[in-house]
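# Kindly generate the corresponding structure for this input.
(one chain, ligands or ions: 1)
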Amino acid sequence: MRKNRIIAIDGPAGSGKSTTAKQVAKRLGFTYLDTGALYRALTLLALKNGIDIESEGELVNLLQQSKFQLQSQGDDIRIWINGEEATEAIRSPEVSRAVSMVARHPAVRREMVQLQRRLASQADVVVEGRDIGTVVFPEADLKIFLTASLEARAQRRLKELHEKGVEIALHELKRDIERRDAIDSQRETAPLKKAEDAIVIDTTELTIDEQVDKIVQAFRALAEQRRKSSDASGVKNT
Ligand code: DC
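Numbering: from 1, shown residues only. As a prediction, this is how the structure comes out:
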């Protein structure tokens, strides 16, 4: 049986998943796994190698031959692809535009799910993505689904990209996000979907601290509830 604790955070692009997940992990002393970074890494590699992102077989081959390493450093998550750092490169608008097409392929997702389960097997972990509560860890201890208005999500992405020196117009970002949401939610395999037992948090009007507080409180309440019920069953058994 699994011993490590898992918090699954899913939601659309720009809903605040990454920042929230990182801080929840920090507050609880968990590690953090950004599954979108893995799909982005494969996409970057495919674009660099001139591999057709429509070709499921070629993408799976590429994934099987590649080594991805993730490392959390303070608030940053760094990624290396076959030994070469790609932390910034996986966030480029080109990768953002192509990644949903790569993530549509069922065989790519099967490989990715195995990889994600392996990466999350060692420690208590906050895992963030689109299908974490539904497919990757349906038995997660706590499932959160973050949402926010399109306007709020685009504004957040714009700020992030501007801070990194990437110039892009708000209307372009909105269009890209809408397109990505549509592909991610309508694909046949593991679409972006709220797990039935997930807690929904609309972050449009919330600060990051408020989002983090809500999740940490939900997790602590759950841990307390479990402790009480195991105490109670202990009493019954004696
Ligand atoms: O969270 P992000 O924007 O970095 O994710 C990039 C893309 O990867 C997203 O458009 C859909 C895909 N993705 C996915 O299909 N399943 C996941 N668990 C994580 C990301």
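# drop to CA atoms for contacts and neighbour counts, all remaining ones
Will do.
# where in this structure is pLDDT low?
When residues are selected by pLDDT under 70, those of the chain lie in 1, 74, 235-238.
# can you map out the strands along it?
In the chain, the strands defined using DSSP state E lie at 6-10, 31-34, 68-73, 76-81, 84-85, 125-129, 142-147, 199-202.
# With residue 43 as the reference, name the closest of those.
Proximity to residue 43, assessed across the strands of the chain by Cα to Cα, is greatest for strand 76-81 (11.2 Å).
# coming back round to it: include mean neighbour count when you put the strands of the chain into TSV, please.
Formatted as TSV, the strands of the chain follow (neighbours: other Cα atoms under 10 Å):
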stretch	mean neighbour count
strand 6-10	27
strand 31-34	23
strand 68-73	14
strand 76-81	16
strand 84-85	13
strand 125-129	27
strand 142-147	24
strand 199-202	16
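# Throw the ones you listed into JSON lines and include distance to residue 187, thanks.
Below are the strands of the chain laid out as JSON lines (distance: least, Cα to Cα, whole Å):
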{"stretch": "strand 6-10", "distance to residue 187": "16"}
{"stretch": "strand 31-34", "distance to residue 187": "20"}
{"stretch": "strand 68-73", "distance to residue 187": "25"}
{"stretch": "strand 76-81", "distance to residue 187": "26"}
{"stretch": "strand 84-85", "distance to residue 187": "30"}
{"stretch": "strand 125-129", "distance to residue 187": "15"}
{"stretch": "strand 142-147", "distance to residue 187": "18"}
{"stretch": "strand 199-202", "distance to residue 187": "22"}
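# Quick one: closest of the ones you listed to residue 230.
It is, among the strands of the chain and with distance given as Cα to Cα, strand 142-147, at 17.7 Å.
# Show me what the closest residue to residue 141 other than its chain neighbours is bridged to.
Distance criterion Cα to Cα, 6 or more residues apart in numbering; nearest residue to residue 141, sequence neighbours excluded, is residue 6 at 5.5 Å. In this structure, residue 6 bridges to residue 125 when assessed by DSSP bridges.
# Please apply the same query to residue 31.
Bridge pairing for residue 31 - DSSP bridges - gives residue 125.
# is it true that it touches residue 119?
No. The pair residue 31 / residue 119 is not scored as a contact, 10.3 Å apart, by Cα atoms under 8 Å.
# what's the overlap in contacts for those two?
Counting by Cα atoms under 8 Å, 6 or more residues apart in numbering, no residue touches both residue 31 and residue 119.
# follow-up on the earlier one: can you tell me how far the residue nearest to residue 141 is from the ligand?
14 Å (Cα to the nearest ligand atom, to the nearest Å).
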